[in-house]
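>>> mind folding the following:
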Amino acid sequence: MATLRQLEYLVTVVDTGSFTRAAELLHVTQPALSHQVRALERAVGGTLLERLPRAVRLTPMGRAVLPHARAALADAERLRTAARLTAGLDGGELELATVYSVSLGILPPVLRAWRRLHPQVRIRLREYAHNDELHAAMAAGQADVAVGTPPADWEGPIRELGVEEFVLALPADDEVRDRRLVDLAALSGRDWVHYAPGNGLADLLDRACAEAGFRPRAAVRTEQTAAAPLLAAAGLGPALVPANIVPPGFDGLVRRPEPPVRRPLVAYTRTRPDPLTAAFVEVLARQACLLPPHVAELLEA
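Here you go, the predicted model:
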């Protein structure tokens, strides 16, 4: 197997036209240089250089190999440059994985702040319907950092972000409008705005209602997390939604359920994060807003 060092030696000999000058430029002895060139020739299966009394000449195989050697060295230099840029937070790409609701409710202000600080870093966002899918994808190496619920039996670093609160979204004129807390059991006879099967929020709603002693009937099931509070405000039924996805200017009613429904959120990586990932996690921890001020006001209205 040819090495980058051997390819560099070949290119330098060709460019200088001399083993002696190439050895001086590379700061190696001429015998060491000759040894590495011969090792390269053995690796590719043929002679690359014709050694003349006063010059060096490429063989036909050498002429075929040389462009690829130059390309390999150029690619290696681009790799080193990309690594340096990433380490310096001046470039590179960060692969971020999360679930749909977090992408909608948590990440926009985080990514806006990150973009202001590091405009040259590209973000590749991978979104999943269920936290189980997110955990599996992260374990399989499909992202640098994940944001979701704490993964079970995780061996890598985990950064706590806080506890996400869920609220009930209802029409503005709903009969519970005079209550600050709404007993979930009191809504057992209603049809609900539910989530599509496979969406992690569908499981969460089913569990919360089961703890309150009933199974929610679905008036409609949506795959779009953002649609749930809007459908509830339109009168299709109550919806249980993360507080952070309720949009500003929401014209429905927002109330806390009793018992409360909450879930912890964390950021996690497989190994000790590199400087780019570590910097992103710090911005995430500072900027993640689990209960936006406009929702806190609606809860007190």
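
>>> tell me where the stretch 201-301 of the chain has strands.
Assigned by DSSP state E, counting those that start in this stretch, the strands in the stretch 201-301 of the chain fall at 217-222, 239-242, 253-258, 262-268.

>>> among those, which is nearest Val163?
Checking the strands of the stretch 201-301 of the chain against Val163 by CB to CB gives strand 262-268 as the closest, at 5.0 Å. In this view, the C-beta of every residue, glycine as well, is placed from N, C-alpha and C.

>>> that closest one pairs with which strands?
Here strand 262-268 is paired, per DSSP bridges, with strand 145-148 (antiparallel), strand 158-170 (antiparallel).

>>> in CSV, list the strands of the stretch 201-301 of the chain along with mean pLDDT and distance to Ala69.
Supplementary listing: the strands of the stretch 201-301 of the chain in CSV, determined by pLDDT from 0 to 100; distance: least, CB to CB, whole Å:
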stretch, mean pLDDT, distance to Ala69
strand 217-222, 98, 57
strand 239-242, 98, 55
strand 253-258, 96, 65
strand 262-268, 97, 42
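
>>> tabulate the ones you listed in JSON lines, adding columns for mean neighbour count.
Converted to JSON lines, the strands of the stretch 201-301 of the chain look like this (neighbours: other CB atoms under 10 Å):
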{"stretch": "strand 217-222", "mean neighbour count": "16"}
{"stretch": "strand 239-242", "mean neighbour count": "27"}
{"stretch": "strand 253-258", "mean neighbour count": "20"}
{"stretch": "strand 262-268", "mean neighbour count": "19"}
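
>>> of those strands, which is nearest Pro31?
strand 262-268 (52.3 Å).

>>> ok, residues contacting the closest one?
102, 106, 138, 145-151, 154, 156-166, 204, 281, 284-285, 288, 290 (CB atoms under 8 Å, 6 or more residues apart in numbering).

>>> kindly report the same for stretch 34-52.
With CB under 8 Å, 6+ apart, stretch 34-52 has contacts from 1-3, 5-7, 9-10, 13-14, 19, 56-59, 61-62, 65.

>>> now a PyMOL select for only the buried ones of those residues.
Selection of buried members from the contacts of stretch 34-52 for PyMOL, criterion 16 or more other CB atoms under 10 Å:
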select buried, resi 2+6+7+9+10+13+14+19+56+58+62+65
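
>>> narrow the contacts of stretch 34-52 to those in strands?
Val56, Arg57, Leu58 (DSSP state E).

>>> reformat these as CSV; add distance to Asp251 and pLDDT.
As requested, these are exported to CSV (distance: CB to CB, whole Å; pLDDT from 0 to 100):
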residue, distance to Asp251, pLDDT
Val56, 80, 90
Arg57, 82, 91
Leu58, 76, 92
